[in-house]
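> Sequence plus the predicted model coming up.
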Amino acid sequence: MRKSILIIIPVIILISCGGNKNKPAQNIKDTLKQIKIVAKEPLSDIEKQCIRFGLVDVHKLDTNIAVDLKYSTKDNLMGYDVYGDFSKAYLQEDVAKKLVCAQKYLAELKPGYRLIVYDAARPLSVQQEMWDSVKLPEYEKLKYIANPKIGSLHNYGCAVDISIIDNNSKALDMGSPFDFLGKVSFPQKEDELLKLGKLSQEQVYNHRLLRKVMKIAGFSSTLTEWWHFNSCSLQTAKSKYKIIM
């Protein structure tokens, strides 16, 4: 269990004698207003590494962007929490700024709608755990998960898994949950799935709305995951940034 550390700033209260009887009480009241009890949670090892490598907390740039890291819950393809105490969305600063732009575009198109981040910077150790947990032939596995021997853009803080929530904070219907390993999650199959009745017009519209705001902001989508967006190529990330181990 995480323990909060209470930092108490001591204050010396000086009460003058004589004069206005109400003055000492007023002095105490004024002084008490200056006392601050600050609760700080210790940083997780993952967060420390993100900060050390210059990544930024997305929520500090734009509080309109919601964060629900799925790998800090059991609601993911592995079915268990792999992040532990880490629950913030960190990205390279230039990538985070693109995401802020995407949120602004979304708010212009759909006032009250917000982006919600399901995953951002991800350590290579978690990438390995994901790779090992999926029991599929390698050629199938590669449709969904980057081989840790090569690395993922998530491991450099240059990719984000994301969706949209409406003005009631309800996630838009995308036709499949985040991390679903199947063709119904494939953006490249949308037209076919629509004709077959496996995706609705609303679900396809939601996919395309998400892609629109992300692409305008400078992200690229993938063929097999409606939620995944890259900020640059893996080659560019390797030349500019350090991998999160």
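Noted; the coordinates are in hand.

> Which residue ranges of the protein form strands?
Applying DSSP state E to the chain gives strands spanning 5-8, 37-40, 56-57, 66-67, 90-91, 114-119, 159-165, 220-221, 228-230.

> Give the other helices and strands that the fifth one contacts.
Other helices and strands packing on strand 90-91, by 3 or more C-beta pairs under 8 Å, 6 or more residues apart in numbering; DSSP states H and E, are helix 45-52, strand 56-57. From N, CA and C alone the C-beta is placed, and that goes for glycine too.

> Now mean pLDDT too, for those, in JSON lines please.
Formatted as JSON lines, those follow (pLDDT from 0 to 100):
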{"stretch": "helix 45-52", "mean pLDDT": "94"}
{"stretch": "strand 56-57", "mean pLDDT": "98"}
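
> Just put those in JSON lines and tack on mean neighbour count and distance to S239.
Output for those, formatted as JSON lines (neighbours: other C-beta atoms under 10 Å; distance: least, C-beta to C-beta, whole Å):
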{"stretch": "helix 45-52", "mean neighbour count": "17", "distance to S239": "19"}
{"stretch": "strand 56-57", "mean neighbour count": "18", "distance to S239": "20"}
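
> Can you lay out the ones you listed as a markdown table showing distance to P187?
Below are those laid out as a markdown table (distance: least, C-beta to C-beta, whole Å):
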| stretch | distance to P187 |
| --- | --- |
| helix 45-52 | 28 |
| strand 56-57 | 28 |
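
> Which one of those lies nearest to S220?
With C-beta to C-beta, the closest approach to S220 among those belongs to strand 56-57: 21.0 Å.

> Quick one: end-to-end length of stretch 122-141, please.
End-to-end span of stretch 122-141 (C-alpha to C-alpha, to the nearest Å): 18 Å.

> Mean confidence (pLDDT) on it, please.
Averaged across stretch 122-141, the pLDDT comes to 92.

> same check, this time on stretch 183-199
Throughout stretch 183-199, pLDDT has a mean value of 96.

> Contacts made by it with the rest, please.
175-176, 200-201, 204, 207-208, 211, 221-227 (C-beta atoms under 8 Å, 6 or more residues apart in numbering).

> Now which of those would you call buried?
Neighbour-count burial (16 or more other C-beta atoms under 10 Å) is assigned, among the contacts of stretch 183-199, to 175-176, 204, 207, 211, 221-222, 224-227.

> now the residues you listed as JSON lines including pLDDT?
Putting those into JSON lines (pLDDT from 0 to 100) gives the following:
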{"residue": "G175", "pLDDT": "97"}
{"residue": "S176", "pLDDT": "96"}
{"residue": "V204", "pLDDT": "98"}
{"residue": "H207", "pLDDT": "98"}
{"residue": "R211", "pLDDT": "98"}
{"residue": "S221", "pLDDT": "97"}
{"residue": "T222", "pLDDT": "95"}
{"residue": "T224", "pLDDT": "94"}
{"residue": "E225", "pLDDT": "96"}
{"residue": "W226", "pLDDT": "97"}
{"residue": "W227", "pLDDT": "98"}
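
> which one of these is nearest I65?
W227 (14.6 Å).

> Leaving out the residues flanking it, which one is nearest to that closest one?
Setting aside the residues directly before and after it, W227 is nearest to D161 in space (C-beta to C-beta, 6 or more residues apart in numbering), at 4.7 Å.

> Great, nothing more from me.
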